[in-house]
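Novice: please find the sequence and the predicted model below.
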Amino acid sequence: MKNIAILLLIVSLKTTLVSATPLVISLEDVAQKVSEQNYEVRENAIQVYQAKESIQVARGNLLPKLNFWNIAAISFEPMMALGMADDVAPFLFPSRWIQVEEQKVMYLSGQESYRALWANEVLMAKALYLNVLLDMAILEHIDENKRQFETILKIAKDREQLGGIKPGSAREVEIQILALEEDKRALSVLIAQELNSLSYILGLPSETELTLAPVNLSDFETFEPLTYSDFEFRTLDSAPELRQLEHMIVASDLLKKEVTFDFWGLGTPASIRIAKAQKEALKIQKESTREKLKRELKFLVDHYNLDLRNYANSKRRSQLTQTSLNQQLERLRLGGMVEVNDLIESSRNHIQADTDFFRISYEFLRSEDKLARLIFYGDYDKKPAILEHLGEKRK
Amino acid sequence: MKSRILLCIVSLFLFVACNEEEEIQKWIQKIEQLKLDAQEVRNQAPYGQKQQETLKAYFSEINQMVITLKKEDKYVKPLNSFIEKNELATLCPRILILKDEWQIMMKNCMRNRFFLCAEEVKSYPEILLALKQFLNSKNQNQFDTTAACKDSL
C-alpha cells in the first residue's frame, strides 16, 4: 500500500513537472522580467547573446526560403531576419568589475557597465518579442492566403470541368496551396524556437507555454518626423558607455597620482608615462564612442522617419488591394467572367501589400524602441535590480 | 589659559558653521542665476543643445543640493537657519520654478512618444519633495502655506 502511494506521488510529481505551464506576457512585462532576474550578470549575458545569435541564424536561414516569399513575389528584407539588436555602442564588458571594489570611481564605472549590459538585454528581449509577433502575423497571413487559394481552387476546378478556363489552372493553384502548407509547418517550428529563446532570456522554466499579448499598432500617421538635433543631447547625456569612460578617466588620474607619489617617494618616469598614455587612450576611446553613438542616432532617426513615411502609403496600398480582390471574388461568386490568373495575381498583390504594411508597423516599433534605448527612456528608465544588489554588497 | 582655549574652540565652531552658511548662500545665488537662465529658454522650442544644457544646469543643481544634504547632514541645520532668516516667501520665487512653468518645459521636451530633456528635468517634483524633507517642521509648515513655494509642487 505504501509502495503504491509513493508510486502515485512520483507519477503526479512527474506529470506536474512535464506538463506545460501557460503564461501570458505583454511587451511591458519583458523589461520588468529582465530587471527582476537575480542573476550573475556575466553568465546571463552570455546566455542572452547566444540566444540572439541562434535566432538570427534561424530566421536568416528560413525566411528567404519560404515558398510564401516566391508566391507573393516579396523581396527579402534583411531587417526581417536580422531584426535583433546589436549593442548600441562598445562598452567594457563587466567581467573584471563584477567584484565590487571599495574604490568609488571603479564602482561607479561598474554601475554604468551593468546599466549598458542590462539595457542591451532588455532591447534584445523586446526585439525578439516583436519578431515573434511579426512571424505570427506572417503565419496568419499564410493561413489566410491558403484559404483564399482554396476558394479559388474550388472555383477553378468547377470552371475547368465546364471548360471555362484553360486546363491545368486548377493544378497550378493546388501547387500553391501545398507550398503554403509547407511554409506553415516551417514557420510554426521557427516561432516555437523563438518563444523558447524568449522564455530562456526571461528566466522562465522550459515547460512554460508562453503566449504573447498583442501590441498596440496604433495609428502612427499623426506622428511628426524626428530630427537628429532633437535627440543628440539626451543620447550623449544618458549614455552609460560614455559615463563609464568618464569615470575611468578620473580613475586614471588617481592612478597617475598613486604612481607619482608611490611608497618610495617618486614614481618611475616610465610608470608615469604609462599612466598618462592610459588616460590619453581612454580619451580617444571616449571620443570614438561619442561618434559611434551619434552615427547610431542618425541611422535610427533616418530609419524611423522612413518607416513613418512608408506607413501611410503601405496602409493605403493594403486597403486598395483588398478592395480590388474583394471585387473580383464577388464578381466570381455572382457568376461573372474572371480569369483565374487575374485572381491569383490580385491575391498576390494583396498579400504583398498586407505583409509590407505589418512589416513596416513592427519595424517602426523596433526603431522606436531602439531610440528609447539610446536615450534611456521608457522601459530603460527603470533601475536594473543588479545595481541594487551591487549596492548591498558594497555595504 | 582655559578661557583662551575655550574661546578658540568656540571660534572654530563658529567659523565652521559660518563656512556652511556661506556655502548655502553661494548655492542659493547660483541656483537663482540658473533659474533665470532656464526661464529664458523655456519657450525656445524645439530645444537644441544650448537650451537642453541650460535646463539641465538648473535642475541638476537643485538635485545636487539634495544629494549633498543627504550625504552630509552638517548642512541641514544651517540651511534651516538660513531659511528662517531669509523667509520662504522671498526665497521660493528666487530659486524654484512654478509647476505651470515646469509643465511647459515638459511639454516642449516631448517629441512623439519620447522625452528628450535630461532626466533631472522630469524628476523635478521628486527632487522638490526630497528637499522639503530636510526642512524642519516650522519651515515645512511655512512651505505649505506660501503660494510661491507650494505652487512649485
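Specialist: Structure received. Residues are numbered from 1 along each chain as shown, chains lettered A, B, ... in the order given.
Novice: quick check: A:L332 touching A:L343?
Specialist: Yes: using Cβ atoms under 8 Å, A:L332 is in contact with A:L343, at 7.0 Å. Quick note: C-beta positions are derived from backbone N, CA and C, even for glycine.
Novice: can you give me the helices for chain B?
Specialist: For chain B, the helices defined by DSSP state H occupy B:2-41, B:49-71, B:76-86, B:88-95, B:99-109, B:119-122, B:124-133, B:137-145, B:147-150.
Novice: also the stretch 101-250 of chain A?
Specialist: With helices called from DSSP state H, counting those that start in this stretch, the stretch 101-250 of chain A shows them at A:104-162, A:169-201, A:228-238, A:240-260.
Novice: ok, back up a step: for chain A, which of the helices of chain B is the nearest?
Specialist: Checking the helices of chain B against chain A by Cβ to the nearest Cβ gives helix B:49-71 as the closest, at 3.8 Å.
Novice: list the buried ones in that closest one?
Specialist: Of the residues in helix B:49-71, B:51-52, B:54-63, B:65-66, B:69 count as buried by neighbour count, 16 or more other Cβ atoms under 10 Å in any protein chain shown.
Novice: what does that helix contact?
Specialist: A:229, A:232-234, A:237, B:27, B:30-31, B:34-35, B:37-38, B:40-41, B:44-45, B:47, B:75-76, B:79, B:95, B:97, B:105, B:116-118, B:120-121, B:123-124, B:127-128, B:130-131, B:134 (Cβ atoms under 8 Å, 6 or more residues apart in numbering or on different chains).
Novice: what angle do that helix and helix B:124-133 make?
Specialist: On the basis of axes from the mean of the first three to the mean of the last three Cα atoms, to 10 degrees, helix B:49-71 is oriented at 30 degrees to helix B:124-133.
Novice: okay, angle between helix B:49-71 and helix B:99-109 too, please.
Specialist: Taking the same axes, to 10 degrees, one finds helix B:49-71 and helix B:99-109 inclined to each other by 130 degrees.
Novice: can you dump the C-alpha coordinates of helix B:49-71 into CSV?
Specialist: Taking Å, rounded to 0.1, in the frame of the first residue of the first chain, the C-alpha atoms of helix B:49-71 are listed here in CSV:
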residue,chain,number,x,y,z
GLN,B,49,21.8,71.7,-27.4
LYS,B,50,22.1,75.1,-25.7
GLN,B,51,18.5,75.0,-24.3
GLN,B,52,18.9,71.5,-23.1
GLU,B,53,22.2,72.2,-21.3
THR,B,54,20.7,75.3,-19.7
LEU,B,55,17.7,73.4,-18.4
LYS,B,56,19.9,70.6,-17.2
ALA,B,57,22.1,73.0,-15.3
TYR,B,58,19.3,74.4,-13.2
PHE,B,59,17.5,71.1,-12.4
SER,B,60,20.7,69.2,-11.7
GLU,B,61,22.0,71.9,-9.4
ILE,B,62,18.9,71.5,-7.2
ASN,B,63,19.3,67.8,-7.4
GLN,B,64,22.9,68.1,-6.4
MET,B,65,21.9,70.2,-3.4
VAL,B,66,19.6,67.5,-2.2
ILE,B,67,22.2,64.8,-2.7
THR,B,68,24.7,66.9,-0.6
LEU,B,69,22.1,67.4,2.2
LYS,B,70,21.5,63.6,2.2
LYS,B,71,25.2,62.8,2.3
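Novice: who has more neighbours out of A:L332 and A:L343?
Specialist: Set A:L332 next to A:L343 and count neighbours by other Cβ atoms under 10 Å in any protein chain shown: A:L343 wins out with 23 against 17.
Novice: before we move on, what SS does the more buried one have?
Specialist: Under DSSP: H, G, I helix; E, B strand; the rest coil, A:L343 falls in the helix class.
Novice: contacting residues around it?
Specialist: A:L343 touches A:I152, A:Q328, A:L329, A:L332, counting by Cβ under 8 Å, 6+ apart.
Novice: which two from the residues you listed end up farthest apart in space?
Specialist: Pairwise distances across those (Cβ to Cβ) peak at 9.8 Å, for the pair A:I152 and A:Q328.
Novice: tell me which residue in chain A sits closest to chain B.
Specialist: Closest residue of chain A to chain B, Cβ to the nearest Cβ: A:F233 (3.8 Å).
Novice: ok, and the closest non-adjacent residue to that residue?
Specialist: Among residues not flanking A:F233 along the chain, B:Q52 sits closest, at 3.8 Å (Cβ to Cβ, 6 or more residues apart in numbering or on different chains).
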